[in-house]
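> Next comes the sequence, and after it the predicted model I'd like to discuss.
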Amino acid sequence: MQKYILGLSLGLGVAGALPAQAGELKFKPIIDARLRYENVDQTGIVNDADAVTLRLRAGGEITKGRFSLLGEAEGTLAINEDYNSTSNGKTSFPVVADPENVEINRLQLQYKSKATTATLGRQRINLDDQRFVGSVGWRQNEQTFDAARFEYTGVKGLKIDMTYAWSDRTIFGHDGIGANPRYVDGDNVFANVSYKFKVGTLTGFAYLVDQEYPVLVALARKSSQTYGARFAGAMPLSKKVKLSYAASYARQMDDKNNPVSYEADYGAAELGLEAYGFKLTGGYELLGSDASATGIVGGYAFQTPYATLHKFNGWADKFLTTPPTGLQDYYAGLAYTVPKIGKMGPLVASFVFHRFDSDRNSIHYGDEYDAQLSLKLTKRTTALIKYADYERKGIASFTGDADTKKLWLEIGYAF
């Protein structure tokens with residue numbers, strides 16, 4: 001509670017220092033609450049995890065003219081703590097990465113004109129589809145960055161987005177330790193330039209990741225340079241039928257203090273077809289592996305440590321770290337949307353199947369079946385039921401490779 005009060009007090013204090021600007025002083029409150037039950041049944045671990053957690057974000061944004069100050073505190077309470085939060089010592093349970101936590105989630109000063117946005121401080125950063133940089137919004141504790149960000153949209157169709165981040169505030173909260181620290185310092189650069197054409201948006205990017213955590217070599221191994229491009233768009237085939245498409249490629253190599261010398265490729269392609277409330281999706285993603293990597297035994301693979309990883313490679317979260325032999329993800333999904341059910345809606349039901357193979361050595365890691373049902377109850381309230389079932393195939397191919405079932409029940413409110 002003291003940190004909540006401190007965060008809001010800092011916000012009000014800095015607001016008083018905002019430059020004099022034309023326009024009325026405005027205040028917008030922030031309230032975001034989420035109650036979640038998560039059950040995890042994982043082969044090889046004696047107990048099932050039963051986690052009941054409540055997350056609350058509260059704060060506000062003060063705006064005057066082109067300047068604004070946003071302050072937001074975040075707290076997560078474990079109502080039932082029969083799970084391994086990564087910091088509570090309950091290792092006889094499967095991991096549910098939602099530790100109890102109270103922190104300043106965001107505290108940022110921003111300047112915004114018609115063509116330019118500049119943001120300084122602790123902030124949320126989501127780039128493109130969040131495959132390389134994201135806020136990990138699925139977890140109760142959000143990932144934010146201490147950073148300076150500049151965005152320019154002064155030329156029609158063009159967007160330049162440049163960020164220097166000196167600290168990653170992780171999802172593991174104030175008690176984060178060891179391989180799951182509270183924060184990771186470094187000199188990170190996220191450069192993203194896109195141009196919008198009629199048929200889609202072409203983006204070029206360079207992500208320079210620097211993870212400085214001297215006592216843990218595993219984090220230093222994720223320091224890298226990644227350069228690539230992405231194209232994504234959609235086109236109508238008729239009044240009620242739409243085709244969507246996306247493709248990307250990137251090349252990654254070691255950087256900074258990384259003790260491993262390697263080079264690896266990333267590739268992804270996806271097609272979607274929407275018609276009469278249905279959406280059919282099929283795709284492929286490769287996180288390549290370098291068998292000739294030096295400084296480590298067994299090779300090393302493409303990594304994305306700042307991504308919103310839960311969005312990719314299955315909801316069971318078996319591939320948060322890419323295995324040394326790499327990963328190929330073949331997936332297909334079907335979703336159906338009902339726009340209204342009385343005063344509620346939309347209702348969205350979805351199903352996704354994944355087949356996971358290695359990039360090297362012809363390993364079939366396993367298959368996964370994911371299903372979700374979400375319903376917007378009111379303008380500000382949403383309910384969700386979600387299920388993931390990962391089935392390992394053959395011998396265990398990497399740490400944590402085991403049959404895993406997960407179930408979530410959730411209700412959220414945002415103001």
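That came in fine, so what should we check first?
> my read: Q42 touches T404, true?
Yes - checked against C-beta atoms under 8 Å, the pair Q42 and T404 is within contact range at 4.6 Å. Just so you know, the C-beta spots here come from the backbone N, C-alpha and C atoms, and that holds for glycine as well.
> Show me whatever sits in contact with both of these two.
Listed as contacting both Q42 and T404 by C-beta atoms under 8 Å, 6 or more residues apart in numbering are P94.
> Between those two, point out the one with more neighbours.
T404 (24 against 21; other C-beta atoms under 10 Å).
> check which helix or strand covers the residue lying closest to F312 once chain neighbours are set aside.
Distances taken as C-beta to C-beta, 6 or more residues apart in numbering put R131 closest to F312, at 6.4 Å, once the chain neighbours are dropped. For R131, there is no helix or strand it lies in under DSSP states H and E.
> Likewise for L109?
Using DSSP H and E, L109 maps to strand 101-112.
> tally of neighbours for the residue nearest to F312?
Applying other C-beta under 10 Å, I find that R131 has 21 neighbouring residues.
> residues touching it, list them.
248, 268, 304, 307-308, 311-312 are the contacts of R131 under C-beta under 8 Å, 6+ apart.
> quick one: which of the residues you listed sit in helices?
Using DSSP state H, no member of the contacts of R131 sits in helices.
> Turn those into JSON lines, including distance to I104, neighbour count and pLDDT.
Output for the contacts of R131, formatted as JSON lines (distance: C-beta to C-beta, whole Å; neighbours: other C-beta atoms under 10 Å; pLDDT from 0 to 100):
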{"residue": "S248", "distance to I104": "34", "neighbour count": "21", "pLDDT": "98"}
{"residue": "A268", "distance to I104": "35", "neighbour count": "20", "pLDDT": "98"}
{"residue": "T304", "distance to I104": "26", "neighbour count": "25", "pLDDT": "97"}
{"residue": "A307", "distance to I104": "23", "neighbour count": "20", "pLDDT": "98"}
{"residue": "T308", "distance to I104": "21", "neighbour count": "21", "pLDDT": "98"}
{"residue": "K311", "distance to I104": "25", "neighbour count": "14", "pLDDT": "97"}
{"residue": "F312", "distance to I104": "28", "neighbour count": "23", "pLDDT": "98"}
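> Which single one of those is nearest to Y276?
Y276 lies nearest to K311 out of the contacts of R131, by C-beta to C-beta, at 25.9 Å.
> Could I get the contacting residues of that closest one?
So K311 contacts 129-131, 134, 138 (C-beta under 8 Å, 6+ apart).
> which of these has the most neighbours?
Result: G134 is most packed of these (other C-beta under 10 Å), 24 neighbours.
> Tell me which residues touch the closest residue to that residue other than its chain neighbours, please.
In this structure, G134 finds its nearest non-sequential neighbour in T308, 3.2 Å apart by C-beta to C-beta, 6+ apart. T308 is in contact with 126, 130-131, 134-138, 143, counting by C-beta under 8 Å, 6+ apart.
> Can you tell me how far D290 is from E38?
35 Å (C-beta to C-beta, to the nearest Å).
> Next: Y369.
18 Å.
> So if I had to pick from the two, which one is more boxed in?
Comparing Y369 with E38 by other C-beta under 10 Å, the one with more neighbours is E38, at 21 against 17.
> Could you tell me the per-residue confidence at that one?
At E38, the model reports a pLDDT of 98.
> CA atoms of the host helix or strand of it as PDB?
Element membership for E38, per DSSP H and E: strand 26-42. Output in PDB follows, covering the C-alpha atoms of strand 26-42 (Å, rounded to 0.1, in the frame of the first residue of the first chain):
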ATOM      1  CA  LYS A  26      -7.500  17.400 -17.500                       C
ATOM      2  CA  PHE A  27      -7.400  14.200 -15.400                       C
ATOM      3  CA  LYS A  28      -8.300  10.700 -16.600                       C
ATOM      4  CA  PRO A  29      -8.500   7.900 -13.900                       C
ATOM      5  CA  ILE A  30      -7.000   4.500 -14.500                       C
ATOM      6  CA  ILE A  31      -8.700   1.400 -12.900                       C
ATOM      7  CA  ASP A  32      -8.000  -2.100 -14.200                       C
ATOM      8  CA  ALA A  33      -8.900  -5.100 -12.200                       C
ATOM      9  CA  ARG A  34      -8.700  -8.900 -13.000                       C
ATOM     10  CA  LEU A  35      -9.700 -11.900 -10.900                       C
ATOM     11  CA  ARG A  36      -8.300 -15.200 -12.200                       C
ATOM     12  CA  TYR A  37      -8.300 -18.900 -11.400                       C
ATOM     13  CA  GLU A  38      -5.500 -20.900 -13.000                       C
ATOM     14  CA  ASN A  39      -5.100 -24.700 -12.700                       C
ATOM     15  CA  VAL A  40      -2.000 -26.500 -14.000                       C
ATOM     16  CA  ASP A  41      -1.700 -30.300 -14.200                       C
ATOM     17  CA  GLN A  42       1.900 -31.200 -15.300                       C
END
